[in-house]
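1. Give me a model of this one.
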Amino acid sequence: MSNSIIIFIHLVGAAVGLGASVFCLLLWPRLDAMETEKTLDENSITYKIMDLLAPTVFVSVLVLVGTGIYYLMENYTDQVNLKDGYYNILGIKLVFVVVTFFLSAVATFGLRARIAHLDLRPENKKLVRPTLDTMKIMNQVTLGTLGFAVFLGIYLARF
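-> Got it, this is the predicted structure:
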């Protein structure tokens, strides 16, 4: 029973992470068309969306890492009789998970913090547009690495 709950939480984390990234990337062109200003502030829709979705992706990646490690530790003895190649694919998946984790951490704690609290630091308002564009590119790369890691996880389920 415990395995079913952990797998469910793992899948929900993957769905939330992928969904937040896809939502942001699909919504981005429409938001850019709506906001014609060159300088954005903390009240713009694009700023608020990235301010909410960057931590969402980071937390979902944390949930994925935590539940994945817990599942591996809980079922360590069952993994003795796996087919050849399982650990090779798992290693590739873990590389993509680590890259996703660091990209998400940089977007959440590095880039997002650069443009946070604009009312206290009004000189940073000129950094909003370039930072949001960088966050968009990082979100695309994060979506790609997370999507590939999820694909490899689905592929590993057949072992």
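2. Could you name the helices and strands sitting against the lowest-mean-pLDDT helix or strand in the chain?
-> Comparing every helix and strand of the chain by mean pLDDT, DSSP states H and E singles out helix 112-114 as the least confident one, with a mean of 81. In this structure, helix 112-114 packs against helix 45-74, with contacts taken as 3 or more CB pairs under 8 Å, 6 or more residues apart in numbering; DSSP states H and E. For glycine as for every other residue, the C-beta is placed from the backbone atoms N, C-alpha and C.
3. Buried residues, the following helix or strand past the helix it packs on. List them.
-> Heading C-terminal from helix 45-74, the first helix or strand you meet, by DSSP states H and E, is helix 86-105. Using 16 or more other CB atoms under 10 Å as the burial criterion, the residues of helix 86-105 that qualify are 90, 93, 96, 97, 99, 100, 101, 103, 104.
4. from those, which has minimum pLDDT?
-> When these are compared on pLDDT, residue 90 comes out lowest, with 86.
5. Mind putting the buried residues of helix 86-105 into JSON lines with distance to residue 18?
-> Rendered in JSON lines, the data for those read as follows (distance: CB to CB, whole Å):
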{"residue": "90", "distance to residue 18": "20"}
{"residue": "93", "distance to residue 18": "15"}
{"residue": "96", "distance to residue 18": "13"}
{"residue": "97", "distance to residue 18": "13"}
{"residue": "99", "distance to residue 18": "15"}
{"residue": "100", "distance to residue 18": "11"}
{"residue": "101", "distance to residue 18": "15"}
{"residue": "103", "distance to residue 18": "14"}
{"residue": "104", "distance to residue 18": "12"}
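6. and which of the residues you listed is nearest residue 49?
-> residue 104 (15.7 Å; CB to CB).
7. Residue 146 versus residue 58, what's the distance?
-> With distances taken as CB to CB, to the nearest Å, residue 58 is found 11 Å from residue 146.
8. what do you get for residue 126?
-> Applying CB to CB, the value for residue 126 to residue 146 is 31 Å.
9. just to revisit the earlier point, buried ones in the least confident helix or strand of the chain?
-> Those would be residue 112, for helix 112-114 by 16+ other CB under 10 Å.
10. Tell me what angle whichever helix or strand comes after it forms with helix 45-74.
-> Using DSSP H and E, the next helix or strand after helix 112-114 towards the C-terminus is helix 128-156. Helix 128-156 and helix 45-74 are oriented at 30 degrees to each other (axes from the mean of the first three to the mean of the last three CA atoms, to 10 degrees).
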